[in-house]
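J.: just coords:
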């Protein structure tokens with residue numbers, strides 16, 4: 001791809017695209033969103049589908065009239081929930097019980113609460129930084145209420161000095177919207193997993209608590225930089241012996257920098273892609289690394305390159321919010337022991353005495369004790385895994401890309417951003433060895449199967465409200481790194497650094513955090529002990 005923009009060298013911001021380019025972009029989006037008829041799921045709908053994402057979505061599905069057959073998923077706008085007939089409510093509940101997805105577009109957390117009230121199951125939640133989500137999917141997977149939250153797509157941060165979007169950023173945003181539509185369709189294609197009636201659990205035997213979740217969630221963030229999925233499971237039980245409640249939250253990451261890429265430009269004749277026009281800098285970015293090296297102190301041209309849409313680190317926090325006695329029993333993985341590619345996750349424990357497990361399956365209800373076993377070894381890209389306690393007995397984890405190099409992060413020996421300038425410019429002849437990003441920071445890389453778990457014990461004095469509330473926050477620290485590879489002569493790029501061979505190189509990294517926060521309103525476990 002060859003895209004053009006005008007930019008100040010420091011911020012990498014761009015000009016407006018003209019009408020023709022916009023039409024081409026729309027055409028590209030429509031063509032890329034096309035789906036063959038045989039791949040389109042048949043979806044019943046209630047009311048009009050008028051979401052801003054409906055054009056992309058309707059290209060990927062086959063809408064069918066609403067019918068009381070509960071043999072296919074249901075799609076509706078959130079605003080339709082307020083005017084449902086009783087027959088609609090009955091069919092939504094029957095479809096949910098049959099294991100098909102109910103997908104609500106443009107849903108607030110009040111709409112989500114209304115859907116849970118209709119099906120009669122599920123944990124409600126709210127958010128301090130999200131008012132509405134692009135889509136909310138709810139289905140019953142075996143016995144477990146299972147939800148997927150597709151959050152709204154952020155705009156790409158790549159801009160011009162006047163605040164107009166960068167062409168690359170526009171394409172990144174369009175790609176993210178397509179991925180969000182594809183993910184919505186994936187939820188509509190889910191094959192029902194309805195558990196067959198099994199043997200009734202013997203209440204005089206202990207229960208494997210890790211197999212009996214109260215609810216499962218996936219938070220799907222489709223950002224212009226990539227795909228960031230975080231799956232969580234909630235567990236709750238009451239211990240009769242001492243009247244305490246126990247809660248466990250597990251979180252699993254699946255984060256991929258799908259849009260990470262190298263781009264470069266040069267002022268070298270005869271076909272410069274980096275020049276000044278009308279007093280403004282113009283850069284025609286090429287998707288390659290050809291211009292990611294210095295021409296040397298005596299060169300008559302200037303290069304600029306960037307590596308964009310890649311992660312620096314990922315953060316996760318879990319904090320209980322109720323007043324009263326809350327004690328963190330355990331959290332895993334433990335704090336960092338240096339850079340690692342494997343770590344142990346999970347824990348083993350036993351809760352003795354009669355317990356009452358909050359779950360819809362055969363493991364729910366009264367048992368004589370509960371066991372928990374979920375220790376596993378996880379392989380990750382080279383990371384520093386920082387962990388500790390925060391807030392009211394809360395836990396935090398920070399997965400930070402970290403290598404040793406010539407450009408450490410301020411105040412540390414860790415380099416989490418892509419190393420460019422010192423390796424590139426000190427060589428002067430284009431030797432950019434050592435500047436490649438780590439695998440997890442490339443579009444082919446992925447941080448997956450990274451599991452965090454926390455176990456809390458809560459006293460009866462926490463029952464001061466209707467629910468036990470747990471905050472879960474996650475942040476992807478994303479980055480765009482620019483290398484300004486000038487020599488000492490005047491040129492289009494005003495940002496220049498100096499080394500022993502002359503003024504040549506400067507590197508700038510922009511940290512662009514993508515943050516989501518949710519508070520789970522977990523119903524208190526039943527205190528019934530007989």
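T.: On my side now, so go ahead. Note that the coordinates shown come from a computational prediction; the quantities given were computed from them, not determined experimentally.

J.: Helices of the stretch 151-300 of the chain, start to end?
T.: 167-188 (DSSP state H, counting those that start in this stretch).

J.: ugh, wrong one, the stretch 1-150 of the chain
T.: Using DSSP H, counting those that start in this stretch, helices in the stretch 1-150 of the chain cover 19-32, 54-58, 86-97, 109-119.

J.: Could you tell me the least trusted of these?
T.: Comparing mean pLDDT across the helices of the stretch 1-150 of the chain, the weakest is helix 19-32, with a mean of 38.

J.: if I look at residue 484, how far off is residue 444?
T.: 27 Å (CB to CB, to the nearest Å). Just so you know, the C-beta spots here come from the backbone N, C-alpha and C atoms, and that holds for glycine as well.

J.: repeat for residue 93
T.: 43 Å.

J.: neighbour count winner among these two?
T.: Looking at residue 93 and residue 444 with other CB atoms under 10 Å, you find the greater number of neighbours at residue 93, namely 16 against 10.

J.: how about that one, what does it touch?
T.: 118, 119, 120 (CB atoms under 8 Å, 6 or more residues apart in numbering).

J.: Can I have the buried ones of those residues as a PyMOL selection?
T.: Entered in PyMOL, the line below selects the buried ones among these, by 16 or more other CB atoms under 10 Å:
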select buried, resi 118+119
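
J.: okay if I get the contacts of residue 93 as CSV plus distance to residue 232?
T.: Output for the contacts of residue 93, formatted as CSV (distance: CB to CB, whole Å):
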residue, distance to residue 232
118, 23
119, 19
120, 22
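
J.: Contacts only, for the residue lying closest to residue 464 once chain neighbours are set aside.
T.: Among residues not flanking residue 464 along the chain, residue 323 sits closest, at 5.5 Å (CB to CB, 6 or more residues apart in numbering). For residue 323, the contacting residues are 461, 462, 464, by CB under 8 Å, 6+ apart.

J.: Tell me how the chain divides into domains.
T.: Domains of the chain are assigned by automatic domain parsing as 1-196, 201-530.

J.: how long is the longest one end to end?
T.: Using CA to CA, to the nearest Å, the gap from the first to the last residue of domain 201-530 comes to 15 Å.

J.: any idea of the mean pLDDT in that domain?
T.: So the average pLDDT for domain 201-530 ends up being 85.

J.: Can you classify residue 461 by secondary structure?
T.: Taking DSSP: H, G, I helix; E, B strand; the rest coil as the rule, one finds residue 461 in the helix state.

J.: looking at it, it is touching residue 324, isn't it?
T.: Yes. The pair residue 461 / residue 324 is scored as a contact, 3.7 Å apart, by CB atoms under 8 Å.

J.: How much space separates the residue most central in space within the chain from residue 153?
T.: In the chain, the residue lying closest to the centroid (CA atoms, centre = their mean) is residue 228, at 2.5 Å. Distance, residue 228 to residue 153, by CB to CB: 12 Å.

J.: repeat for residue 315
T.: 21 Å.

J.: the more surrounded of those two?
T.: residue 153 (21 against 17).

J.: Show me how far stretch 507-519 is from its chain's centre.
T.: 11 Å (CA atoms, centre = their mean, to the nearest Å).

J.: Counting neighbours, which bits of it end up buried?
T.: So stretch 507-519, judged by 16+ other CB under 10 Å, has buried residues 507, 508, 509, 510, 512, 514, 516, 518, 519.

J.: can you check stretch 180-193 too?
T.: For stretch 180-193, using 16+ other CB under 10 Å, the buried residues are 180, 181, 183, 184, 185, 186, 187, 188, 190, 192.

J.: What's the separation between the spatially closest residue to the last one that is not a sequence neighbour and residue 141?
T.: In this case it means residue 192. Counting by CB to CB, 6+ apart, residue 192 lies nearest to residue 99, which is 2.7 Å off, once chain neighbours are set aside. According to CB to CB, residue 99 stands 7 Å off from residue 141.

J.: again with residue 416
T.: Taking CB to CB, one finds residue 416 at 37 Å from residue 141.

J.: Compare neighbour counts for these two and give me the winner.
T.: Using other CB under 10 Å as the criterion, residue 416 and residue 141 rank with residue 416 on top: 22 against 17.

J.: mind checking how far stretch 445-454 is from the chain centre?
T.: 12 Å.

J.: what about residue 394, neighbour count?
T.: A total of 22 residues lie near residue 394 under the criterion other CB under 10 Å.

J.: swap that for residue 218, please
T.: Around residue 218 there are 18 residues (other CB under 10 Å).

J.: tell me the contacts of it?
T.: Residue 218 sits next to 147, 148, 149, 229, 230, 231, 232 when contact means CB under 8 Å, 6+ apart.

J.: how near is it to residue 146?
T.: Distance, residue 218 to residue 146, by CB to CB: 8 Å.

J.: and if you look at residue 367?
T.: 23 Å.

J.: cool, residue 514 as well?
T.: Taking CB to CB, one finds residue 514 at 24 Å from residue 146.

J.: Counting neighbours, what do you get for residue 308?
T.: 29.

J.: The one 4 residues further on too?
T.: Residue crowding around residue 312 was assessed by other CB under 10 Å; the count is 21.

J.: what about stretch 382-390, distance to the chain center?
T.: 18 Å.

J.: list the buried ones in that stretch?
T.: So stretch 382-390, judged by 16+ other CB under 10 Å, has buried residues 383, 384, 385, 387.
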